[in-house]
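got a structure for you, letters missing:
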């Protein structure tokens, strides 16, 4: 099957990004390209099922892993929503196990900070949009309600602060930094806020995606005593993320495709 673009209907940004990736694709490229899944659930579910049995792949495009680069960089993965935890042992590139060179992360100008010490600070719970949780992830239930109930059952409810989901991501990023000043822990499903917390020196729990391998899951022990990976581990993790996000020009000139073709899942 040829490369099929599946932008969100009536969203021009989604169309522009999907077309940019397709422009740089090799003639042999096939599969579905998604930027968002709203309004195309049948196609999304079909693409996932087909890829799971070795059929044509799907490519999922979304905003940058690192919030300061939102609108400048866009992540892309093959047959996955996010890159896996390749930071631990390196990525398979051209058939060999290699670590990131760190060059792309260095260009972002992000400093990985030492851990802050706020043992009795707030537990910042950050939900994602209902549409993303239910449509893209296919997760049933109320993640926010379930998470708050768990923390309450552990006797830590008095420390909870919920940050409601916001459509204005630039404003949300500004407000996140204010909330991080008093935070001892960030809890989310797969929001970029967990990545921001990790390089700002705030422990985080991300229940899904690449950050989960670094933060651990939502367990009472992890909430009371959050994991604190070394600066080197966090640096390697961020370097891998930076290797997997690209500018639109890098979509169009084939840079992203060359990376996708060279990188192999573990």
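Noted; the coordinates are in hand. Quick caveat, the model's predicted, so the values are computed rather than measured. Numbering: from 1, shown residues only.

going forward, measure contacts and count neighbours with C-alpha atoms only.
Fine.

Could you chop the chain up by domain?
The chain breaks down by automatic domain parsing into domains covering 3-109+245-264, 122-227.

Which among these is found nearest to residue 115?
Taking Cα to Cα, domain 122-227 is the member of those nearest to residue 115, at 4.1 Å.

Check the offset of that closest one from the chain's centre.
How far domain 122-227 lies from its chain's middle: 13 Å, per Cα atoms, centre = their mean, to the nearest Å.

Averaged pLDDT, that domain. What do you get?
Across domain 122-227, the average pLDDT comes to 87.

before we move on, what about stretch 13-23?
The model assigns stretch 13-23 a mean pLDDT of 95.

coming back round to it: out of the domains of the chain, the one nearest residue 239 is which?
Nearest to residue 239, of all the domains of the chain, is domain 3-109+245-264, at 5.1 Å by Cα to Cα.

Would you mind pulling the contact partners of stretch 199-210?
If you take Cα atoms under 8 Å, 6 or more residues apart in numbering as the criterion, stretch 199-210 is touched by 81-85, 110-116, 180, 183-191, 194, 197-198, 211-212, 215-218, 222, 226-228, 234.

Which members of these are positioned in helices?
Among the contacts of stretch 199-210, DSSP state H puts 180, 194, 197-198, 212, 215, 222, 234 in helices.

Distance check, the residue lying closest to residue 2 once chain neighbours are set aside against residue 51.
Closest residue to residue 2 apart from its sequence neighbours, by Cα to Cα, 6 or more residues apart in numbering: residue 30 at 4.5 Å. Going from residue 30 to residue 51 by Cα to Cα, to the nearest Å gives 12 Å.

Overlap in contacts, those two.
Counting by Cα under 8 Å, 6+ apart, the residues touching both residue 30 and residue 51 are residue 57.

that older thread, which one among the ones in helices among the contacts of stretch 199-210 gets closest to residue 10?
The closest of those, once distances to residue 10 are taken by Cα to Cα, is residue 194, at 30.1 Å.
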